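Q: just need the structure, nothing else, for what follows:
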Amino acid sequence: MSRNSYTNDAGDLLFDFVNRNRIKVSYRRKKLWWEPNITLETFHPLVNTSIYALSEIRYSAAVSFKILKTLKFDVGYTYKQTLKSSVPKTVSGLSFIVIKDF
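A: Residues are numbered from 1 along each chain as shown. Just a heads-up that it's a prediction; the model follows:
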């Protein structure tokens, strides 16, 4: 398990211009609680060989949960599109959160 398993930009696909899938397992910890996170990602790089630029379309779906006196369950979906830049041009997200008190 690691906090940061990769660099979140288009450069992390250089020099392997193939579609790929990735499972990211990460966590956050604050004093008394842990928040595990599991993310499934799919990468679709688009290469323009005339100017040697890399663009990518990245989809991800994540599940995270927080355990303490309350149980928080969070499911999210993210779409990122990067075109000739390391900064995403299009970012959209959808998230569902369920919280249960014990």
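Q: any regions of the protein where pLDDT drops low?
A: 1-19, 32-33, 44-57, 65-73, 78, 81-102 (pLDDT under 70).
Q: which residue is the nearest non-sequential neighbour of Ser64?
A: Excluding the flanking residues, the one nearest Ser64 by CB to CB, 6 or more residues apart in numbering is Asn37, at 4.0 Å. Yep, even glycine has a C-beta here, placed from its N, CA and C like the rest.
Q: count the residues that sit near that neighbour.
A: 16 (other CB atoms under 10 Å).
Q: again with Lys31
A: Count around Lys31 with other CB under 10 Å applied: 5.
Q: state the distance from it to Asp74.
A: Distance of Lys31 to Asp74, computed by CB to CB, to the nearest Å: 19 Å.
Q: also Val63?
A: Val63 sits 7 Å away from Asp74, going by CB to CB.
Q: more crowded one of those two?
A: Asp74 (16 against 13).
Q: who's that one bridged to?
A: Per DSSP bridges, residues listed as beta-bridge partners of Asp74: Ser64, Ile97.
Q: that one contacts Ser64, doesn't it?
A: Yes. Shown here, Asp74 and Ser64 form a contact pair, counting by CB atoms under 8 Å, at 4.7 Å.
Q: confirm Glu41 sits in a helix?
A: No. Under DSSP: H, G, I helix; E, B strand; the rest coil, Glu41 falls outside any helix and is assigned strand.
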